[in-house]
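What follows is a predicted structure for the sequence shown.
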Amino acid sequence: MNNKTVGIIATVASAVICGCSAIFACVWGVLIATNTPITMTSGGQQSVQTFPASVGYVLLCLSLLFVAVPVVVGFVTLRKKPQAAVPVNNYPLPPAS
């Protein structure tokens, strides 16, 4: 496989995985940061709980990180690599023998 193809596959895979995680973390982060009560059911019993707002802020920061990962992966894998510099030699070539 071509390096460009591998870079495109890595970028798309990281965008899908990190994109879904970012959306999930952002939604829960907003809900928790605004102190929205969350109903949980365990063993047939329901309980309404709220989480500390700092947990919501951490989830919002994580969602920004999850958005940044595909951007960095795309930049690193799809950028043009600098060509190796060819040394310029101004000396005359020796005669062929």
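Thanks, I have the structure now.

ok, and the most centrally placed residue in the chain, which helix or strand is that part of?
What sits nearest the mean C-alpha location of the chain, by C-alpha atoms, centre = their mean, is V69, with 1.7 Å. Element membership for V69, per DSSP states H and E: helix 53-78.

Which neighbouring elements make contact with that helix?
helix 3-33 (3 or more C-beta pairs under 8 Å, 6 or more residues apart in numbering; DSSP states H and E). (Each C-beta comes from the backbone N, C-alpha and C, glycine too.)

what distance separates the helix it packs on from the middle of the whole chain?
Put simply, helix 3-33 sits 6 Å off its chain's centre (C-alpha atoms, centre = their mean, to the nearest Å).

Which neighbouring elements make contact with that helix?
helix 53-78.

how does it look with 10 Å?
Helices and strands touching helix 3-33, by 3 or more C-beta pairs under 10 Å, 6 or more residues apart in numbering; DSSP states H and E, are strand 38-42, helix 53-78.

Put together a markdown table for the ones you listed, with distance to N89 on each row.
As requested, the helices and strands packed on helix 3-33 are exported to a markdown table (distance: least, C-beta to C-beta, whole Å):
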| stretch | distance to N89 |
| --- | --- |
| strand 38-42 | 72 |
| helix 53-78 | 34 |
